[in-house]
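Colleague: Quick one, fold the following:
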Amino acid sequence: AYQRNSAFYPVIEMFEKYLFQFETADSPEDKLIKLEGLLLETKLDYKSEMALLAEFLSITTEQFPQLIMSPFAKRQKTMDSLTRLLSFKANIQPVFFVLEDLHWADASTLEWLNQFIKELPTHNIFALCTTRTNFRPDWKESLDFKQIDLKRLSVEDIEEICHHQTNGKTLPEEILKQIT
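Modeller: Predicted structure coming up:
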(Lines give C-alpha, C1' and ligand atoms only; values in the text may rest on other atoms or scores of the structure.)
Protein backbone atom coordinates (compact mmCIF):
# COMPACT_ATOMS: atom_id res chain seq x y z
CA ALA A 1 0.00 0.00 0.00
CA TYR A 2 1.14 3.52 -0.78
CA GLN A 3 0.62 4.70 2.79
CA ARG A 4 2.97 2.07 4.22
CA ASN A 5 5.80 3.45 2.06
CA SER A 6 5.08 7.13 2.75
CA ALA A 7 6.36 8.39 6.08
CA PHE A 8 3.64 10.00 8.22
CA TYR A 9 1.03 9.76 5.43
CA PRO A 10 -2.05 9.39 7.68
CA VAL A 11 -0.71 11.96 10.16
CA ILE A 12 -0.07 14.53 7.43
CA GLU A 13 -3.49 13.88 5.94
CA MET A 14 -5.21 14.31 9.32
CA PHE A 15 -3.30 17.46 10.28
CA GLU A 16 -3.80 19.10 6.88
CA LYS A 17 -7.52 18.38 6.81
CA TYR A 18 -8.59 18.86 10.41
CA LEU A 19 -6.02 20.85 12.34
CA PHE A 20 -4.72 23.23 9.67
CA GLN A 21 -7.95 23.04 7.62
CA PHE A 22 -6.18 23.05 4.26
CA GLU A 23 -8.42 22.93 1.20
CA THR A 24 -7.53 21.21 -2.06
CA ALA A 25 -7.51 24.57 -3.87
CA ASP A 26 -5.21 26.25 -1.30
CA SER A 27 -2.01 27.69 -2.72
CA PRO A 28 1.25 27.28 -0.80
CA GLU A 29 0.77 30.87 0.42
CA ASP A 30 -2.75 30.05 1.68
CA LYS A 31 -1.40 27.02 3.52
CA LEU A 32 1.36 29.09 5.11
CA ILE A 33 -1.19 31.66 6.30
CA LYS A 34 -3.32 28.93 7.91
CA LEU A 35 -0.27 27.30 9.49
CA GLU A 36 0.94 30.67 10.72
CA GLY A 37 -2.47 31.48 12.22
CA LEU A 38 -2.44 28.32 14.31
CA LEU A 39 1.19 28.65 15.38
CA LEU A 40 0.71 32.25 16.49
CA GLU A 41 -1.98 31.02 18.90
CA THR A 42 0.45 28.61 20.52
CA LYS A 43 3.47 29.24 22.73
CA LEU A 44 5.72 27.31 20.34
CA ASP A 45 8.84 28.84 18.82
CA TYR A 46 7.12 30.40 15.82
CA LYS A 47 10.03 30.71 13.37
CA SER A 48 11.53 27.27 13.85
CA GLU A 49 8.08 25.61 13.98
CA MET A 50 7.02 27.34 10.74
CA ALA A 51 10.17 26.14 8.98
CA LEU A 52 9.85 22.64 10.40
CA LEU A 53 6.15 22.19 9.66
CA ALA A 54 6.32 23.84 6.22
CA GLU A 55 8.97 21.30 5.26
CA PHE A 56 7.02 18.45 6.86
CA LEU A 57 3.90 19.42 4.90
CA SER A 58 5.90 19.94 1.67
CA ILE A 59 5.09 23.64 1.46
CA THR A 60 7.88 25.37 -0.42
CA THR A 61 8.78 28.74 1.02
CA GLU A 62 11.76 31.06 0.99
CA GLN A 63 10.39 32.94 3.99
CA PHE A 64 11.04 29.98 6.29
CA PRO A 65 14.14 28.08 5.09
CA GLN A 66 14.63 24.48 6.14
CA LEU A 67 16.27 23.97 9.51
CA ILE A 68 19.80 22.63 9.42
CA MET A 69 19.98 19.62 11.71
CA SER A 70 20.42 15.88 11.45
CA PRO A 71 17.53 13.94 9.92
CA PHE A 72 17.03 12.13 13.23
CA ALA A 73 16.86 15.40 15.20
CA LYS A 74 14.49 16.93 12.63
CA ARG A 75 12.23 13.90 12.76
CA GLN A 76 12.11 13.92 16.57
CA LYS A 77 11.48 17.66 16.64
CA THR A 78 8.67 17.23 14.12
CA MET A 79 7.02 14.48 16.16
CA ASP A 80 7.31 16.62 19.31
CA SER A 81 5.79 19.56 17.46
CA LEU A 82 2.83 17.52 16.23
CA THR A 83 2.19 16.26 19.75
CA ARG A 84 2.38 19.80 21.18
CA LEU A 85 -0.02 21.14 18.52
CA LEU A 86 -2.66 18.53 19.33
CA SER A 87 -2.12 19.08 23.04
CA PHE A 88 -2.56 22.83 22.53
CA LYS A 89 -5.85 22.26 20.70
CA ALA A 90 -7.00 19.90 23.46
CA ASN A 91 -6.41 22.63 26.05
CA ILE A 92 -8.89 24.84 24.16
CA GLN A 93 -11.53 22.23 23.36
CA PRO A 94 -11.90 18.45 23.38
CA VAL A 95 -10.18 16.74 20.44
CA PHE A 96 -11.59 13.72 18.67
CA PHE A 97 -8.64 12.11 16.94
CA VAL A 98 -9.21 9.45 14.25
CA LEU A 99 -6.64 7.32 12.45
CA GLU A 100 -8.03 4.54 10.31
CA ASP A 101 -6.46 1.36 8.97
CA LEU A 102 -3.38 1.37 11.21
CA HIS A 103 -2.40 -2.00 9.76
CA TRP A 104 -1.34 0.00 6.66
CA ALA A 105 0.49 2.72 8.60
CA ASP A 106 4.18 3.32 8.06
CA ALA A 107 6.79 2.92 10.81
CA SER A 108 7.12 6.69 11.35
CA THR A 109 3.40 7.11 11.94
CA LEU A 110 3.37 4.24 14.41
CA GLU A 111 6.41 5.65 16.22
CA TRP A 112 4.73 9.06 16.54
CA LEU A 113 1.48 7.43 17.63
CA ASN A 114 3.29 5.47 20.35
CA GLN A 115 4.78 8.75 21.59
CA PHE A 116 1.47 10.58 21.31
CA ILE A 117 -0.54 7.88 23.13
CA LYS A 118 1.61 8.45 26.22
CA GLU A 119 0.35 12.07 26.28
CA LEU A 120 -3.35 11.19 26.09
CA PRO A 121 -4.06 10.79 29.82
CA THR A 122 -2.97 14.39 30.48
CA HIS A 123 -5.18 15.96 27.78
CA ASN A 124 -8.80 16.09 26.73
CA ILE A 125 -8.28 13.87 23.66
CA PHE A 126 -10.29 10.89 22.52
CA ALA A 127 -8.34 8.77 20.04
CA LEU A 128 -10.15 6.31 17.80
CA CYS A 129 -7.91 4.02 15.78
CA THR A 130 -9.20 1.32 13.50
CA THR A 131 -7.27 -1.72 12.38
CA ARG A 132 -7.61 -5.30 11.34
CA THR A 133 -7.58 -7.86 14.14
CA ASN A 134 -4.05 -9.10 13.45
CA PHE A 135 -2.49 -5.69 14.23
CA ARG A 136 -1.07 -5.45 17.76
CA PRO A 137 -0.23 -1.90 18.86
CA ASP A 138 2.56 -1.28 21.36
CA TRP A 139 0.23 0.74 23.55
CA LYS A 140 -2.29 -2.08 23.96
CA GLU A 141 -1.30 -2.59 27.61
CA SER A 142 -1.96 1.08 28.44
CA LEU A 143 -4.52 1.64 31.19
CA ASP A 144 -6.42 4.08 28.97
CA PHE A 145 -6.65 1.71 26.03
CA LYS A 146 -9.87 -0.11 25.21
CA GLN A 147 -10.10 -2.55 22.35
CA ILE A 148 -13.50 -3.24 20.85
CA ASP A 149 -13.67 -6.14 18.41
CA LEU A 150 -16.37 -5.78 15.79
CA LYS A 151 -17.75 -8.77 13.98
CA ARG A 152 -18.27 -8.84 10.23
CA LEU A 153 -21.61 -7.57 9.00
CA SER A 154 -24.12 -10.23 8.04
CA VAL A 155 -25.05 -10.64 4.39
CA GLU A 156 -28.48 -9.21 5.21
CA ASP A 157 -26.94 -6.11 6.81
CA ILE A 158 -24.65 -5.56 3.81
CA GLU A 159 -27.59 -5.91 1.43
CA GLU A 160 -29.57 -3.41 3.51
CA ILE A 161 -26.70 -0.90 3.39
CA CYS A 162 -26.40 -1.36 -0.39
CA HIS A 163 -30.14 -0.88 -0.77
CA HIS A 164 -29.96 2.33 1.28
CA GLN A 165 -26.89 3.64 -0.59
CA THR A 166 -28.53 3.06 -4.00
CA ASN A 167 -31.72 4.83 -2.87
CA GLY A 168 -33.76 1.63 -3.18
CA LYS A 169 -32.41 0.50 -6.56
CA THR A 170 -31.69 -3.20 -6.79
CA LEU A 171 -28.10 -4.11 -7.58
CA PRO A 172 -27.38 -7.00 -9.94
CA GLU A 173 -26.88 -10.25 -8.04
CA GLU A 174 -23.24 -10.59 -9.24
CA ILE A 175 -22.27 -7.18 -7.87
CA LEU A 176 -24.05 -7.86 -4.58
CA LYS A 177 -22.13 -11.14 -4.23
CA GLN A 178 -18.82 -9.32 -4.78
CA ILE A 179 -19.69 -6.79 -2.11
CA THR A 180 -20.80 -9.38 0.41
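Colleague: who's in contact with residue 46?
Modeller: Contact criterion Cβ atoms under 8 Å, 6 or more residues apart in numbering gives 36, 39-40 as the residues in contact with residue 46. Where you see a C-beta, it was placed from the backbone N, CA and C, and this is true even at glycine.
Colleague: and what of residue 8?
Modeller: Residue 8 makes contact with 56, 106, 108-109, 112 under the criterion Cβ under 8 Å, 6+ apart.
Colleague: How much space separates it from residue 81?
Modeller: Per Cβ to Cβ, to the nearest Å, residue 8 is found 12 Å from residue 81.
Colleague: again with residue 104
Modeller: Following Cβ to Cβ, the distance that separates residue 104 from residue 81 is 24 Å.
Colleague: So for these two, which residue has more residues nearby?
Modeller: Remark: of residue 104 and residue 81, residue 81 carries more neighbours, 19 against 16, as counted by other Cβ atoms under 10 Å.
Colleague: Need the residues that contact the strand or helix carrying the more buried one.
Modeller: Secondary structure here is read from DSSP states H and E; on that basis residue 81 sits in helix 71-92. By Cβ under 8 Å, 6+ apart, the list of residues contacting helix 71-92 from outside reads 11, 15, 19, 38, 41-44, 49, 52-53, 55-56, 67, 69, 95, 97, 108, 111-112, 115-116, 119, 122-125.
Colleague: repeat that for 6 Å
Modeller: Contact partners of helix 71-92, identified using Cβ atoms under 6 Å, 6 or more residues apart in numbering, comprise 42, 49, 52, 56, 95, 112, 115-116, 119, 123-125.
Colleague: What of stretch 105-118?
Modeller: Outside stretch 105-118, the residues touching it (Cβ under 6 Å, 6+ apart) are 4, 7-8, 10-11, 79, 83, 138-139.
Colleague: mind listing what's buried in that stretch?
Modeller: 105-106, 108-113, 116-117 (16 or more other Cβ atoms under 10 Å).
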